[in-house]
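**Student:** Coordinates for the following, if possible.
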Amino acid sequence: MLDLRARQPIFYVTDTLPEWELLPNIVKPVTAEAVALECRRPALAIVTHPYWIEKAASLHPERLLALIPDNTFEEYSELWKSRLAHCVLIADLFGSESESLYLEQAFKKEAVLLLRDADHLPSEGQRESMQGSSAEFEVLLRQAVSKLLTDNVSPVWATALQQHTLVQHYSEIRKAVGPHETASFLLAVYEYLLKLPDAASHLLESFLHAQQSGREDCIRTHYRFLSAIHAQNDELREAIDAYGVTALSADDRLRYERICEYAENGRADLAAAWLLRENDDLVGALARLHGAYDSEATDLKYRWLVESSRWEEALALSGAAGISGKAEKRGHPGIRDERLLNGYARKLRGDRHEAIRFFLEAAELDQDAIGLIARIKSEDAAIARLRRNMLETGESEGLTVVNGDDG
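**Tutor:** Below you'll find the predicted structure:
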């Protein structure tokens, strides 16, 4: 998929060294324990299984890619989900063969790629074979990585280019089969991501077909998304009305009332951001609050960053906005939370010992934090066991490291 021959040496990180003849000559196998000594200044780490993300992070590579193939989705355990979230958080580029997983991350991260071409996507409920050429996405991936490594250019340009291709793909399907629940919905989603004007009409088209097919939950799964589209277009009244139609639970009604209150008090930015967040568009919600530094906006950003495990950004915001000072004034709970955030942030970067140190400091104020240390150890053991299972079943391992110039 990526041609790294010009960037030697390349290290294949493994829990058990394979036979040398199984690997190309330019690739050197190295154990997980020895890779830090062999590769002291990694230019690039490529993670192809979520269970390797902490090892990759601990090497502090200049650039990190998370390219997750379809065959890693079978577990979907809480541990798998948490490590996948870590991949999304710290990777310079996240890629997935699964369109549903790709779209989920596209609302959380700007630099994402679908690791298959549009003509290999399922249509009309059919899962097509991946056989044949996937040259388009591979060329795009190579170009994105090359620009990232050579020119320090973010891969977001490649994300947008691919999404335009996907808009064209689903437009062609819609023209061929007529208005359709799935094709029209996916077309609306990609148009939304690109801020194109027809997203609302295609979403409503999909919603009507979902209704006609008897989908009882389509008010929430389809119609609610209309509130995000209107909010993105600064059509706040229409956005609030659309969300209100879908606010059927007590919790949803409380959120609806809060959004209305923001709008009535002249805080269109907070109302729109909340509507985007309610539609899982974290990227859009945080962007809407960019440049708002009042306490209400800052507290909202801080809350969403913590909820989405973006601990490093939460810590940075805490320092810049004086939230840490407020924590000091609040006493033990605020100080404890800051220590916990530091622990989570260190753990995210594979710095296990520093994470434990911060959790121990948090435990001085709240003994429940001791459980986080036990959790680190139990997760380490679980990941080691799962990686052994991968070896036994013949599944390829998940980390490749390319050394830097000074390696």
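**Student:** residues contacting residue 110?
**Tutor:** Taking C-beta atoms under 8 Å, 6 or more residues apart in numbering, we find residue 110 in contact with 154, 156, 159, 283. In this view, the C-beta of every residue, glycine as well, is placed from N, C-alpha and C.
**Student:** Most neighbours among the residues you listed, which one is it?
**Tutor:** Neighbour counts for these peak at residue 159, which has 23 neighbours (criterion: other C-beta atoms under 10 Å).
**Student:** Check whether that residue really touches residue 113, as I assumed.
**Tutor:** Yes: with contact defined as C-beta atoms under 8 Å, residue 159 reaches residue 113; the gap is 6.4 Å.
**Student:** Can you flag which of the contacts of residue 110 belong to helices?
**Tutor:** 156, 159, 283 (DSSP state H).
**Student:** Against residue 109, how distant is the last one?
**Tutor:** Put plainly, it is residue 283. As judged by C-beta to C-beta, to the nearest Å, residue 283 and residue 109 stand 7 Å apart.
**Student:** got it, and residue 341?
**Tutor:** 20 Å.
**Student:** again, but for residue 50
**Tutor:** Per C-beta to C-beta, residue 50 is found 15 Å from residue 109.
**Student:** who has more neighbours, the two?
**Tutor:** Shown here are residue 50 and residue 109; by other C-beta under 10 Å, residue 50 has more neighbours (23 against 17).
**Student:** Pretty sure that one sits against residue 68.
**Tutor:** Yes: between residue 50 and residue 68 there is a contact under C-beta under 8 Å: 6.8 Å.
**Student:** hey, what's in contact with both of these two?
**Tutor:** Joint contacts of residue 50 and residue 68 (C-beta under 8 Å, 6+ apart) are 84, 87.
**Student:** How far does stretch 88-96 sit from its chain's centre?
**Tutor:** 6 Å (C-alpha atoms, centre = their mean, to the nearest Å).
**Student:** in that stretch, what counts as buried?
**Tutor:** Judged by neighbour count using 16 or more other C-beta atoms under 10 Å, the buried positions of stretch 88-96 are 88-96.
**Student:** from these, which single one is nearest residue 81?
**Tutor:** residue 88 (10.6 Å; C-beta to C-beta).
**Student:** What segments of the stretch 301-407 of the chain are strands?
**Tutor:** Per DSSP state E, counting those that start in this stretch, the stretch 301-407 of the chain carries strands over the ranges 399-403.
**Student:** For it, give me the ranges with low pLDDT.
**Tutor:** Low-confidence segments of the stretch 301-407 of the chain (pLDDT under 70): 320-333, 394, 396, 405-407.
**Student:** try it again with 80
**Tutor:** The model of the stretch 301-407 of the chain has pLDDT under 80 over residues 319-334, 391-397, 404-407.
**Student:** TSV for the buried residues of stretch 88-96, including distance to residue 308, secondary structure and pLDDT?
**Tutor:** Below are the buried residues of stretch 88-96 laid out as TSV (distance: C-beta to C-beta, whole Å; DSSP: H, G, I helix; E, B strand; the rest coil; pLDDT from 0 to 100):
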residue	distance to residue 308	secondary structure	pLDDT
88	10	helix	97
89	9	helix	97
90	13	helix	97
91	15	coil	98
92	18	coil	98
93	19	strand	98
94	14	strand	98
95	20	strand	96
96	18	strand	95
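**Student:** In TSV, list those along with distance to residue 300.
**Tutor:** Listed next are those as TSV, based on distance: C-beta to C-beta, whole Å:
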residue	distance to residue 300
88	21
89	20
90	24
91	26
92	27
93	28
94	25
95	31
96	29
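**Student:** Please point out which parts of stretch 143-155 sit buried.
**Tutor:** 144-145, 148-149, 155.
**Student:** again, but for stretch 356-368
**Tutor:** 356-359, 361-363, 365.
**Student:** Residues contacting it, please?
**Tutor:** 332-333, 335-336, 339-340, 342-343, 346, 369-370, 372-373, 376.
**Student:** Stretch 176-192 too?
**Tutor:** Taking C-beta under 8 Å, 6+ apart as the rule, stretch 176-192 contacts 103, 123-125, 163, 166-167, 170-171, 173-174, 197-200, 202-203, 205-206, 208-210, 213, 215, 222, 225, 228-229, 232.
**Student:** got a winner among the contacts of stretch 356-368 for most neighbours?
**Tutor:** Neighbour max across these (other C-beta under 10 Å) = residue 343, 25 neighbours.
**Student:** what's residue 27 in contact with, if anything?
**Tutor:** Neighbour list for residue 27: 10-12, 400 [criterion: C-beta under 8 Å, 6+ apart].
**Student:** residues contacting the residue nearest to residue 397 when sequence neighbours are not counted?
**Tutor:** Once flanking residues are discounted, residue 397 sits nearest to residue 14: 5.1 Å by C-beta to C-beta, 6 or more residues apart in numbering. Counting by C-beta under 8 Å, 6+ apart, residue 14 makes contact with 29-32, 397.
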